[in-house]
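Colleague: what's the 3D shape of this:
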Amino acid sequence: MLELAILGFLYDAPLHGYELRKRITALTGHVRPVAESTLYPAIKRLEKAGFLMRATEPGAVAAPRHVLTLTDDGRSELRRRLAEPDERDITDENRWFTVLAFLRHLEDPAAQAAVLRRRLAFLQEPTSFFYDGDRPLRAEEPDDPFRRGVLTIARATSRAELGWLRDTLEALGG
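Modeller: Numbering: from 1, shown residues only. This next block holds a predicted model:
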């Protein structure tokens, strides 16, 4: 997820590491805050793979700053990762939001639709946070008002996303 976010934000424009971290934190923030000790090793891996370049420019006040730029290989890698997200990228809501944030960079509407159809299929499977044996509980079933709340909120969120997915797939012709 972190590497996808790095590639996605750099696809738009070169960024300093600090600015990149701010943008990733805004996207994933309260759920998965990005520490420097996590971000910079990921940047180095992507740089070593040839997906981004680092250039040094003078700092505004003190030390020089590093500007990160996506290479052509990095652009291709982003598009590959968007076209072929792994199962967790489809099923984990936070990872899904990262894919969705950059899906516009996958320029083929049919390829975009294929990714959206995978998410749609996942959301249409019966599931719950709580079960009675193997049977998923519906929002009306738990006696616990807080569990009912979890299920009610999840249902509303899923319905909203399902509606958006269907509308977007229709607009994409897929």
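Colleague: so residue 98 makes contact with residue 6?
Modeller: No: using CB atoms under 8 Å, residue 98 is not in contact with residue 6; the gap is 10.4 Å. Yep, even glycine has a C-beta here, placed from its N, CA and C like the rest.
Colleague: neighbour count winner among those two?
Modeller: Neighbour totals were compared for residue 98 and residue 6, and residue 6 leads with 28 against 22 (other CB atoms under 10 Å).
Colleague: tell me who's in contact with that one.
Modeller: Counting by CB atoms under 8 Å, 6 or more residues apart in numbering, residue 6 touches 20, 24, 39, 42-43, 46, 52, 68.
Colleague: does residue 132 have beta-bridge partners, and which?
Modeller: Beta-bridge pairing for residue 132 (DSSP bridges): residue 135.
Colleague: so for residue 1, what's the pLDDT?
Modeller: Residue 1 is assigned a pLDDT of 87 by the prediction.
Colleague: wait, it sits on residue 95?
Modeller: Yes: Residue 1 is in contact with residue 95 according to CB under 8 Å; the separation is 4.9 Å.
Colleague: give me the common contacts of these two.
Modeller: With CB under 8 Å, 6+ apart, residue 1 and residue 95 have common neighbours residue 89.
Colleague: start to end distance for stretch 88-95?
Modeller: Terminal residues of stretch 88-95 lie 7 Å apart, using CA to CA, to the nearest Å.
Colleague: residues contacting it, please?
Modeller: So stretch 88-95 is in contact with 1, 4, 28, 31-32, 96, 98-99, 115, 118-119, 122, going by CB under 8 Å, 6+ apart.
Colleague: low-scoring stretches of the protein, by residue?
Modeller: The model of the chain has pLDDT under 70 over residues 29-33, 59-62, 174.
Colleague: that one: helices as residue ranges?
Modeller: 2-12, 17-28, 36-48, 72-83, 87-91, 93-102, 109-124, 145-172 (DSSP state H).
Colleague: of these, which stretch is the most buried?
Modeller: Ranked by mean neighbour count under mean count of other CB atoms under 10 Å, these are led by helix 2-12, which reaches a mean of 21.
Colleague: for the residue nearest the centre of the chain, give its distance to residue 90.
Modeller: Centroid-nearest residue in the chain: residue 98, 1.1 Å away (criterion: CA atoms, centre = their mean). Look at residue 98 and residue 90: by CB to CB, to the nearest Å, they are 11 Å apart.
Colleague: beta partners for residue 69?
Modeller: residue 53.
Colleague: next, count neighbours for it.
Modeller: 13.
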